[in-house]
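**Q** Generate a structure from the sequence data that follows.
(chains A and B)
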There are 2 protein chains.
Amino acid sequence: MAEARIIDGRPIAEQLQAQVAAEVAQLKAEHGLTPGLAVVLVGEDPASQIYVRSKGEKSLAAGMHSVTHRLPEQTTQEALLALVAELNADPAIHGILVQLPLPKHLDQGPVIAAIDPAKDVDGLTTINAGLLASGLPALTPCTPLGCMIMLRETLGSLSGLRAVVVGRSVLVGRPIAQLLLQADCTVTIAHSRTKDLPAVCREADILVAAAGQPQMVKADWIKAGATVIDVGINRVPFRDPVKAAAGKTKVVGDVDYKSAAKVAGAITPVPGGVGLMTVACLLKNTVTAAKRIHGIEG
Amino acid sequence: MAEARIIDGRPIAEQLQAQVAAEVAQLKAEHGLTPGLAVVLVGEDPASQIYVRSKGEKSLAAGMHSVTHRLPEQTTQEALLALVAELNADPAIHGILVQLPLPKHLDQGPVIAAIDPAKDVDGLTTINAGLLASGLPALTPCTPLGCMIMLRETLGSLSGLRAVVVGRSVLVGRPIAQLLLQADCTVTIAHSRTKDLPAVCREADILVAAAGQPQMVKADWIKAGATVIDVGINRVPFRDPVKAAAGKTKVVGDVDYKSAAKVAGAITPVPGGVGLMTVACLLKNTVTAAKRIHGIEG
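**A** Got it, this is the predicted structure:
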């Protein structure tokens, strides 16, 4: 059987980044509007620092106004809320991203809730979840948005296709299901309580694995020719006992990629797939937010 | 084949009404709290007048504080918004229901949005849709809530069952799907773009018909023994040509009841099924809202 087409995240993300840059240039030229993104990082988490640097660099590269607020580990809830309020009020800022996780002494819920929903480019507020659930224009979490862009790039119209989402997390599974429904798929949400999960997965023309279980989805869970989107990012020990003993780890998805690629029609790799889309989607959301705030159509 | 068990809405609604009355009595006795419902009716729509009267009577019968505001047809948007603001601020009121549809000169969206989400007992605000979509405690629209109570009454635990919802309306199909997911069903949302809808429906242990298409769901769309919840309320002419010629109409559901009842394990009739649950669910929501506002558990 032919190997699946690999849905490479890099060119799709680069294309989106270029589209965002072009749109930013147009907004500047036609409306005198420079979309602005504020990223807030509290503390010294090394992974968060890498993400935040990348968001800052790529927003600048797209021609956007970009501000990164680095607050010390011991920042108080009040100080963080005050910064969010300031950014809500700042007309140069159209997108606010508070990098998660926050240090443990801070309460994440009220911080997210304090972000103006119109500037909530991470799509985390209850209002944006409600708009999405109601089929209304929302700011959508970046990973689900990235999945949809990859699917449209691969399949064109998704109308009438059967989509199965494995996983019902608030940040990934549920919003992806909403977006697939909006794209006129027949959508099934499966999860840990689902009976005969392999059989449910085999119904899918589009299978989205977002369960957080390393290599859970096997080849025989996949309908021949289906498109498989692997949202999982799981760090596991190497199989090689020498490397494993040395404490070396690698990143795998929720799909058993090697065997799945022999059955699927198209599949995203991990790493190199959905994960690469996130920052470009954040920039796209910031442009969307800027346009909506200024009542610019299209 | 044995006929399906009929899921009669009347005793289930009466039982719920009695539970609400008992809970109201307990809240009065233990917390000095009387749940209060305000119903707002603008204009003279005859159907709305019947609904509003029923809501007022049943809330009084449950021992609740109950106020009905009847505003003239020509009420302005400003006057209606001012009343909503007054009810939001009124500590004796825990539930606010603005009877829809509003007269055409009024803009429904801003009126709904003005209702305090904590008092939104119709579950129509974006915040409540977002809470529901995020699996958090929400005030849920009454018809979906009624469907869930009927299902639990019929089946007990729903965990692991396959549920198919036909229809993706914001008021019915989408919230029912969310509630079924919360009850640990594997949930499929089907709609007008679904391919081979009969085959998708035949996967269902629980089939919820909420498409607004008279008698669309046929017997051979139903898996033997499945539980069928018919949310449709469609007014159609009588088949009898004499009655039809006289302009007489009857109400039918989205399911072809007579033939479906020969295949299903249990089925709600129309009329006499889901429709009877709505007012009791409204009262239940009002009690839930009163308890949450006052921080009373359980």
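
**Q** And the strands in the stretch 51-200 of chain A?
**A** For the stretch 51-200 of chain A, applying DSSP state E, counting those that start in this stretch gives strands covering A:65-71, A:95-98, A:162-166, A:186-190.

**Q** Out of the ones you listed, the one nearest B:P137 is which?
**A** Among the strands of the stretch 51-200 of chain A, the nearest to B:P137 by Cβ to Cβ is strand A:186-190 (20.0 Å). Bear in mind the C-beta positions are built from the backbone N, C-alpha and C, glycine included.

**Q** Show the average pLDDT along the closest one.
**A** Averaged over strand A:186-190, pLDDT sits at 98.

**Q** quick one: contacts of it?
**A** A:160-168, A:173-174, A:177, A:180-181, A:197, A:200-201, A:203-204, B:181, B:186-191, B:193-195, B:200 (Cβ atoms under 8 Å, 6 or more residues apart in numbering or on different chains).

**Q** Are any of these buried, and if so which?
**A** Listed as buried from the contacts of strand A:186-190 are A:160-168, A:173-174, A:177, A:180-181, A:197, A:200-201, A:203-204, B:181, B:186-191, B:193-194, B:200; burial here means 16 or more other Cβ atoms under 10 Å in any protein chain shown.

**Q** For burial, what's the neighbour tally of the closest residue to chain B within the stretch 101-250 of chain A?
**A** Going by Cβ to the nearest Cβ, chain B is nearest to A:G130 of the stretch 101-250 of chain A, at 2.9 Å. Residues contacting A:G130 under the criterion other Cβ atoms under 10 Å in any protein chain shown number 24.

**Q** got a pLDDT number for it?
**A** pLDDT for A:G130: 98.

**Q** Also A:E297?
**A** Listed pLDDT for A:E297 reads 87.

**Q** Tell me who's in contact with it.
**A** Here A:E297 is in contact with A:K291 (criterion: Cβ under 8 Å, 6+ apart).

**Q** any idea how far it lies from chain B?
**A** 19 Å (Cβ to the nearest Cβ, to the nearest Å).

**Q** Tell me which helix or strand that residue sits in.
**A** Under the criterion of DSSP states H and E, A:E297 resides outside all helices and strands.

**Q** quick one: contacts for A:A264?
**A** Counting by Cβ under 8 Å, 6+ apart, A:A264 makes contact with A:A4, A:L207, A:I222, A:G225, A:A226, A:T227, A:V228.

**Q** Now the buried members of these.
**A** Neighbour counting over the contacts of A:A264 (16+ other Cβ under 10 Å) leaves A:A4, A:L207, A:I222, A:A226, A:T227, A:V228 as the buried ones.

**Q** pretty sure the fourth one is touching A:V208, no?
**A** No: A:A226 is beyond contact range of A:V208, at 10.7 Å (criterion: Cβ atoms under 8 Å).

**Q** Which residues does the one helix or strand in chain A whose mean pLDDT sits lowest contact?
**A** The least trusted helix or strand in chain A, going by mean pLDDT, DSSP states H and E, turns out to be helix A:241-245, with a mean of 88. Under the criterion Cβ under 8 Å, 6+ apart, residues A:P237, A:F238 lie in contact with helix A:241-245.

**Q** List the buried residues of it.
**A** By neighbour count on 16+ other Cβ under 10 Å, the buried set for helix A:241-245 is empty.

**Q** Tell me, how many residues neighbour A:A85?
**A** A:A85 has 13 neighbouring residues, counting by other Cβ under 10 Å.

**Q** If you drop the residues flanking it in sequence, what lies closest to it?
**A** In space, A:A85 comes closest to A:A114 once its chain neighbours are excluded; the distance is 6.8 Å by Cβ to Cβ, 6 or more residues apart in numbering or on different chains.

**Q** A:C185 now?
**A** A:A163 (4.0 Å).

**Q** What of A:Q108?
**A** A:L102 is the one closest to A:Q108 (Cβ to Cβ, 6+ apart), at 5.3 Å.

**Q** Next: A:G212.
**A** Distance criterion Cβ to Cβ, 6+ apart; nearest residue to A:G212, sequence neighbours excluded, is A:G232 at 6.2 Å.

**Q** Quick check: the one you found is in a strand.
**A** No: counting by DSSP: H, G, I helix; E, B strand; the rest coil, A:G232 is not part of a strand but coil.

**Q** and the closest residue in space to A:L132 that isn't next to it in sequence, how far is that from A:L71?
**A** If the residues on either side of it in the chain are set aside, A:L132 comes closest to A:A138, at 4.1 Å by Cβ to Cβ, 6+ apart. Applying Cβ to Cβ, to the nearest Å, the value for A:A138 to A:L71 is 28 Å.

**Q** Would you mind telling me which of these two has the busier surroundings?
**A** Between A:A138 and A:L71, A:A138 has the larger neighbour count (other Cβ under 10 Å), namely 26 against 17.

**Q** give me every residue that touches the more buried one.
**A** A:A138 is in contact with A:G123, A:N128, A:A129, A:L131, A:L132, counting by Cβ under 8 Å, 6+ apart.

**Q** among these, who's most crowded?
**A** Within these, most neighbours by other Cβ under 10 Å means A:A129, with 30 neighbours.

**Q** Please list all residues in contact with that residue.
**A** Counted by Cβ under 8 Å, 6+ apart, A:A129 has contacts A:G123, A:A138, A:V170, A:P175, B:A129, B:G130, B:L131, B:A133, B:S134.

**Q** And stretch A:98-115, what's buried?
**A** Buried residues in stretch A:98-115 (16+ other Cβ under 10 Å): A:V98, A:Q99, A:L102, A:L106, A:V111, A:I112, A:A114, A:I115.

**Q** what's the farthest-apart pair in those residues?
**A** A:Q99 and A:A114, at 15.1 Å, using Cβ to Cβ across the buried residues of stretch A:98-115.

**Q** pLDDT value on A:F238, please?
**A** According to the prediction, A:F238 has pLDDT 89.

**Q** in terms of contact, does it touch A:T249 like I think?
**A** Yes: with contacts counted by Cβ under 8 Å, A:F238 reaches A:T249, the gap being 6.9 Å.

**Q** What parts of the stretch 51-200 of chain A come near chain B?
**A** Listed as neighbours of chain B in the stretch 51-200 of chain A under the rule Cβ under 8 Å from any Cβ of the partner chain: A:125-136, A:159-160, A:162, A:168, A:170, A:174, A:178, A:181, A:184, A:186-191, A:193-195, A:200.

**Q** Could you provide the buried ones among the contacts of A:A264 in a markdown table, with additional columns for distance to chain B, secondary structure and pLDDT?
**A** Shown next, in a markdown table, are the buried ones among the contacts of A:A264 (distance: Cβ to the nearest Cβ, whole Å; DSSP: H, G, I helix; E, B strand; the rest coil; pLDDT from 0 to 100):
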| residue | distance to chain B | secondary structure | pLDDT |
| --- | --- | --- | --- |
| A:A4 | 23 | coil | 96 |
| A:L207 | 14 | strand | 98 |
| A:I222 | 18 | coil | 98 |
| A:A226 | 15 | coil | 98 |
| A:T227 | 16 | strand | 98 |
| A:V228 | 19 | strand | 98 |
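
**Q** What's the first helix or strand after the top helix by length along chain A?
**A** Longest helix in chain A by number of residues (criterion: DSSP state H): helix A:9-31. Downstream of helix A:9-31, the next assigned helix or strand under DSSP H and E is strand A:36-42.

**Q** what's the average pLDDT for that following strand?
**A** Across strand A:36-42, the average pLDDT comes to 98.

**Q** now stretch A:279-294
**A** Averaged over stretch A:279-294, pLDDT sits at 98.

**Q** mind checking how far the closest residue to A:G63 other than its chain neighbours is from B:H31?
**A** Once flanking residues are discounted, A:G63 sits nearest to A:V24: 4.3 Å by Cβ to Cβ, 6+ apart. A:V24 is 56 Å from B:H31, where distance means Cβ to Cβ.
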